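>>> test case, fold it:
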Amino acid sequence: MDAALPFVITVEQAESGERLDRVLAARVPSVSRATFQRWVEEGRVSVDGAAARVSAKVRTGQRIDVSPGPPPSSDALPQDIPLVILFEDADLLVVDKPAGLVVHPAAGHADGTLVNAILHHTRIEDEGAQPRPGIVHRLDKDTSGVMVIAKTVRAREVLVRAFAAHDLERMYLAIAVGAPPDVMTLDTLHARHPTDRKRFTTKTTRGKRAVTHLRVRERLHGAALVECRLETGRTHQIRVHIADAGFALLGDPVYGKPPRDPRLRAAATTLARQALHAQLLAFAHPISGEPLRFETPPPSDFITALKALCD
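Down below sits the predicted model:
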């Protein structure tokens, strides 16, 4: 569901007896529990048509209506940070994001982000009213690859709907430790980890559906080069799916472990990030409808790790 638009949740049996704010945060992991608590206090959440309380315990079958509040405005400032531009017109900017670049300002990263670079490079329509000007999807800090930015309000609205409906093509390259099968589809639930709020998990009885299609491109020493095609787009989706399937990404500090094998350990140390690259993004232009397709090769650190593991 798009957490920027009003939505409805029906309480499932497994959720009966849980606090309202916990249920909401588990169902919509893209929104923090604190934000849901604020929306409840502002009267934006009702249960069976009545005003809700944050600590209220929900019951099976109850209807929860949520009318999200407006996002906080952005106070990001322009910064002269280099961008690798793949495409630009009046509505869109497509870039090849390097690993190590945070997408938008957040706790611990007040500036030096992709948003700061975008604001220096171009004008984003109605930027003051957006918490993350131009951003319609994101890549993790240490994931490299193709990203599209919306320069106009209309382009942003159309692209947000396209991402929500999964009406586009996305393909990533990853180095997975171990020997995954030649072809594998992971179709799971996806939710925030119950004890570590920085992680996500597929080992849950409720959450959003997540689907990743994997295909091994090349067998490596103790690992494999894997093509990952997303049918859905959840936070950390590929990292979680591959790790929970028993094949964590090389160098992933959150979902993986340091390899025992000396060659793998050396490659992971040199890479110093998860081996994940967003190679392909294809979608219809939000205004003209023209089909657009952007593909970029993995950066040098990824290639170095790959070569180090070639038998």
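>>> all contacts plus neighbour counts: C-alpha atoms, from now on.
OK.
>>> can you count the residues close to the closest residue to residue 91 other than its chain neighbours?
Nearest non-adjacent residue to residue 91, counting by Cα to Cα, 6 or more residues apart in numbering: residue 151, 4.9 Å away. As a burial measure, residue 151 scores 24 neighbours (other Cα atoms under 10 Å).
>>> so residue 151 touches residue 121, yeah?
No. Using Cα atoms under 8 Å, residue 151 is not in contact with residue 121, being 11.1 Å away.
>>> tell me the contacts of the residue nearest to residue 91?
Residues near residue 151 by Cα atoms under 8 Å, 6 or more residues apart in numbering: 90-93, 123-125, 134.
>>> what about these, which are in helices?
Among the contacts of residue 151, DSSP state H puts none in helices.
>>> and residue 88, how far from residue 153?
Distance of residue 88 to residue 153, computed by Cα to Cα, to the nearest Å: 16 Å.
>>> for the two, indicate the residue with more neighbours.
residue 153 (17 against 13).
>>> now the strands for the stretch 51-200 of the chain?
With DSSP state E, counting those that start in this stretch as the definition, the stretch 51-200 of the chain shows strands at residue ranges 63-66, 85-88, 92-97, 144-150, 169-177, 183-192, 200-201.
>>> got CSV for those, with distance to residue 161 too?
Formatted as CSV, the strands of the stretch 51-200 of the chain follow (distance: least, Cα to Cα, whole Å):
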stretch, distance to residue 161
strand 63-66, 19
strand 85-88, 21
strand 92-97, 15
strand 144-150, 13
strand 169-177, 14
strand 183-192, 20
strand 200-201, 24
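>>> closest one to residue 271 among these?
strand 169-177 (11.1 Å; Cα to Cα).
>>> who does that closest one touch, helix- and strand-wise?
Helices and strands touching strand 169-177, by 3 or more Cα pairs under 8 Å, 6 or more residues apart in numbering; DSSP states H and E, are strand 223-230, strand 276-284.
>>> give the buried residues for stretch 296-311.
By neighbour count on 16 or more other Cα atoms under 10 Å, the buried set for stretch 296-311 is 296-298, 301-302, 305-306, 308-309.
>>> before we move on, the earlier item: export the strands of the stretch 51-200 of the chain to a markdown table and append columns for mean pLDDT and distance to residue 270.
Listed next are those as a markdown table, based on pLDDT from 0 to 100; distance: least, Cα to Cα, whole Å:
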| stretch | mean pLDDT | distance to residue 270 |
| --- | --- | --- |
| strand 63-66 | 92 | 46 |
| strand 85-88 | 96 | 27 |
| strand 92-97 | 96 | 20 |
| strand 144-150 | 96 | 16 |
| strand 169-177 | 97 | 14 |
| strand 183-192 | 93 | 28 |
| strand 200-201 | 92 | 26 |
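>>> straight-line length of stretch 188-205, end to end?
Taking Cα to Cα as the criterion, the two ends of stretch 188-205 lie 10 Å apart.
>>> list of residues touching it?
Around stretch 188-205, the neighbours that count as contacts under Cα under 8 Å, 6+ apart are 26-27, 29, 206-211, 234-237, 240-241, 244, 254.
>>> CA atoms only: put the helix or strand hosting residue 39 into CSV for me.
Element membership of residue 39 [criterion: DSSP states H and E] is helix 33-41. The C-alpha coordinates for helix 33-41 follow below in CSV (Å, rounded to 0.1, in the frame of the first residue of the first chain):
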residue,chain,number,x,y,z
ARG,A,33,5.9,3.4,14.8
ALA,A,34,6.5,6.9,16.2
THR,A,35,4.8,8.4,13.0
PHE,A,36,1.8,6.1,13.5
GLN,A,37,1.6,7.2,17.1
ARG,A,38,1.6,10.9,16.0
TRP,A,39,-1.1,10.2,13.4
VAL,A,40,-3.3,8.5,16.1
GLU,A,41,-2.8,11.5,18.4
